[in-house]
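Structure, please.
(chains A and B)
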Amino acid sequence: MTMTQRFITIGLVILGTMLTRFLPFLLFPAGKATPKYVQYLGKVLPSAVFGLLVIYCLRNVSLISGSHGLPELILIALVIGLHCWKRQMLLSIAGGTVCYMLLVQFIF
Amino acid sequence: METEKGIRWRALKAAFPKTIPIFAGFWFLGLTYGVYMNTAGFSFWYPMVMSLTIFAGSVEFVTVNMLLGAFNPVQAFTMTLMINARHLFYGISMLDKFKGTGWKKFYLIFGMCDESFSINYTAEIPKDIDRGWFMFFVTLLNHLYWFTGATLGGVFGSLIHFNTEGLEFVMTAMFVVIFLDQWLKEKTHTGALLGLGISLLCLLAFGSENFIIPAMIAILGVLTLLRDPLTKEVWRK
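Residues are numbered from 1 along each chain as shown, chains lettered A, B, ... in the order given. Next up is the predicted model:
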């Protein structure tokens, strides 16, 4: 690939990314009333999206090989428990991550 | 009357703690990305410029492969749209929250990665903190973490030895906590359960490389079918 072709490729990736980010705001500008259906989606989508993001993070965990997703399962349970108990976002995340690292480095 | 500088400073102080987990995650992922580009034979300028201008982790990794392959602009563009299609959902969710943020709105949209969106959507911003500046600093700090991580990885590349197996779990832990926070706050869990269930089914059916788009379409479809009953639940006070 030549230098120009590389620049074009990177430019198109930037353009595509920005398109996905700006499109809703271009379609539904702040000055105009947003359609009821889109308002409804704005209310119900986030919870579903957070579910999608959790699965997205776990997409490369294999259930049939390696450790069968066991460390991930244990640690997610631990993070949920810790968070329900203390409600400290940083503590839940840091605690979960440190335990996960210990688990995959020393046990699994 | 508080000065503009004071307002900004307090917003930064409120935003910073929310971004600490992202600092850990982005430095780890950013360094990995920089090292990856370095070992693939690219100068540090590439991760530096790409982390600054694209600012979307997963697609930046994919771009490295595209740059190594044959020139295919159509594929570069469509791949990007597919990988980043989830941003459309973020935008729809943020239409209201970004209102009235002035010139900062442009940057807020530009920097709306998974993490910026999640923090800005769920954060309970104290009444005395300027919302626009708070979200601006969350986005800016995240951008800075990603940029510095990727650049350092690109510069020091092969010199860095990772003994950090498992650190990537910081992102999973963060999204689990965000999901949980939202769960504890909402009146109905239908959306959350649908998101989780449909995504999992699609992951099993289509595999890790291809499941996002079918999952998004299915989520959109089911939420549309459930519009009447869910509208009642969501707006019930």
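
only C-alpha atoms for contact and neighbour calcs from this point on.
Fine.

so who does the residue lying closest to residue B:48 once chain neighbours are set aside touch?
Among residues not flanking residue B:48 along the chain, residue B:151 sits closest, at 4.7 Å (C-alpha to C-alpha, 6 or more residues apart in numbering or on different chains). Taking C-alpha atoms under 8 Å, 6 or more residues apart in numbering or on different chains as the criterion, residue B:151 is in contact with B:30-31, B:34, B:44-45, B:47-48, B:51.

Which ones among those residues map onto strands?
Among the contacts of residue B:151, no member falls in strands (criterion: DSSP state E).

And the next helix or strand past the helix or strand the residue nearest to residue B:48 falls within?
Under the criterion of DSSP states H and E, residue B:151 resides in helix B:131-156. Toward the C-terminus, helix B:131-156 is succeeded by helix B:169-185 as the next helix or strand (DSSP H and E).

Averaged over its residues, which helix or strand of chain B has the lowest pLDDT?
Across the helices and strands of chain B, mean pLDDT, DSSP states H and E gives its lowest value to helix B:227-235, namely a mean of 85.

In terms of secondary structure, what does that helix contact?
helix A:36-57 (3 or more C-alpha pairs under 8 Å, 6 or more residues apart in numbering or on different chains; DSSP states H and E).

relative to helix B:227-235, how tilted is the helix it packs on?
80 degrees (axes from the mean of the first three to the mean of the last three C-alpha atoms, to 10 degrees).

List the buried residues in the least confident helix or strand of chain B.
B:227, B:230, B:234 (16 or more other C-alpha atoms under 10 Å in any protein chain shown).

do the same with stretch A:24-44
A:24-25, A:28, A:34, A:38-44.

Dump these to CSV, plus distance to chain B and pLDDT.
What follows is the buried residues of stretch A:24-44, written out as CSV (distance: C-alpha to the nearest C-alpha, whole Å; pLDDT from 0 to 100):
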residue, distance to chain B, pLDDT
A:24, 5, 97
A:25, 7, 97
A:28, 8, 95
A:34, 9, 89
A:38, 7, 92
A:39, 8, 90
A:40, 7, 93
A:41, 7, 92
A:42, 4, 90
A:43, 7, 89
A:44, 6, 91
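
Name the nearest of the residues you listed relative to residue A:54.
Set against residue A:54, the nearest of the buried residues of stretch A:24-44 by C-alpha to C-alpha is residue A:44 (16.7 Å).

Okay, helices next: where are they in chain A?
Assigned by DSSP state H, the helices in chain A fall at A:3-27, A:36-57, A:70-86, A:89-102.
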